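sequence first, predicted model second:
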Amino acid sequence: MNTHFTSIILQETGASSLFEKEAIQELWSGYGKIMRIGLEGASAKSVVVKHVQLPVNQNHPRGWNTDLGHERKVKSYQVETAWYDRYSKYSTARLPRCLSVATQGDEVLMVLEDLDEAGYPLRKQAVTWAEIAACLEWLAQFHSSYLGKAPDGLWEVGTYWHLATRPQELEVLADQALREAAPAIDEKLNTCKFKTFVHGDAKLANFCFSKEGQVAGVDFQYVGGGCGMKDVAYFIGSCLSERDCERLEGQILDTYFGHLQTALGERNEALEKEWRPLYRVAWADFHRFLKGWSPGHWKINAYSERISAEVIKSLTP
């Protein structure tokens, strides 16, 4: 990390010195890393720093090394800095407080509250129903915070898999019916009356848990406008088995909408009436991306195939 960024961290935290405490993870395709930085002489013991450096040689783990993919990633970091700078403070859902955002050349620095130190030290690979419900409550609070807001400076359409940014995956999609229906599925989601900001990558790995079961969310590269069902469907697919996705579908939606109506302060029956049926449309939308991106992926299952077929049939005049 260069001296300019080091001085920013020292200034924003009031620390007398700092040191790299832990490398948390490398960013996707070699675009930098996330670090835990230890602080001396500051009120906080540490901060988390996201340091983006554009790679000389791209190294996508699935071979999608293209100019379009590079442009998408570059924009995703521009979106994330705009998110933290302009929008994050309005969220009623818990997320890391942003201390500073800085750029220099092709490098980006985000200095964030350390959620481990703030009481959210747990990451989950498997979850109980109570933990799923806590994440659904987080999503409901997040969506309620931005209902009707324009995503200026963010993705116009949130999520990393939306159709306009994934023409290559669509082109190689072997499922002809799904490929032909993809534009109509995309339009159905994008033309809903009620829009909010979606997290855009709300997988289980992007939630941090407290020992008491409370939840905080991280990673806002793909936040943008859209229907909240995109986040809900994607989250559920990230943490439940095929059988449980199907068995709990009604309970999942009842729980989410219960929390959403509470977060809104007054019931919005029209929103719920519009969004509930879009859960399966959102599921089919992600399934379209996944089958083109990684045809052998473990998330491709009979439940997803059946839902997608039902959605395609419902779109046929």
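Thanks, I have it.

just give me the residue closest to the centre of the protein.
Closest to where the C-alpha atoms of the chain average out (Cα atoms, centre = their mean) is residue 201, at 2.1 Å.

distance check, that residue against residue 180.
Residue 201 sits at a distance of 27 Å from residue 180 (criterion: Cβ to Cβ, to the nearest Å). Quick note: C-beta positions are derived from backbone N, CA and C, even for glycine.

go on, residue 268?
The gap separating residue 268 from residue 180 is 34 Å, by Cβ to Cβ.

quick one: which of these two has more around it?
Shown here are residue 268 and residue 180; by other Cβ atoms under 10 Å, residue 268 has more neighbours (17 against 11).

not counting its neighbours along the chain, what's nearest that one?
Among residues not flanking residue 268 along the chain, residue 261 sits closest, at 6.9 Å (Cβ to Cβ, 6 or more residues apart in numbering).

what is the neighbour count of that neighbour?
Using other Cβ under 10 Å, residue 261 has 17 neighbouring residues.

so who does it touch?
267-268, 272 (Cβ atoms under 8 Å, 6 or more residues apart in numbering).

do residue 101 as well
Each residue near residue 101 by Cβ under 8 Å, 6+ apart is listed here: 81, 84-85, 108-111.

so how far is residue 78 from it?
11 Å.

next: residue 247.
Relative to residue 78, and taking Cβ to Cβ, residue 247 is found at 41 Å.

who has more neighbours, the two?
residue 78 (16 against 13).

sec struct for the more buried one, please.
Here residue 78 is recorded as helix under DSSP: H, G, I helix; E, B strand; the rest coil.

so how far is residue 196 from it?
21 Å.

what's the answer for residue 179, then?
Residue 179 sits at a distance of 28 Å from residue 196 (criterion: Cβ to Cβ).

need the pLDDT of the residue nearest to residue 194 when sequence neighbours are not counted.
In space, and not counting its chain neighbours, residue 194 is closest to residue 271: 4.5 Å by Cβ to Cβ, 6+ apart. For residue 271, the pLDDT comes out at 98.

residue 271: what's it in contact with?
Counted by Cβ under 8 Å, 6+ apart, residue 271 has contacts 147, 194, 260, 264.

separation between the first one and residue 306?
Put plainly, it is residue 147. Applying Cβ to Cβ to residue 147 and residue 306 gives a distance of 31 Å.

fine by me, we can end here.
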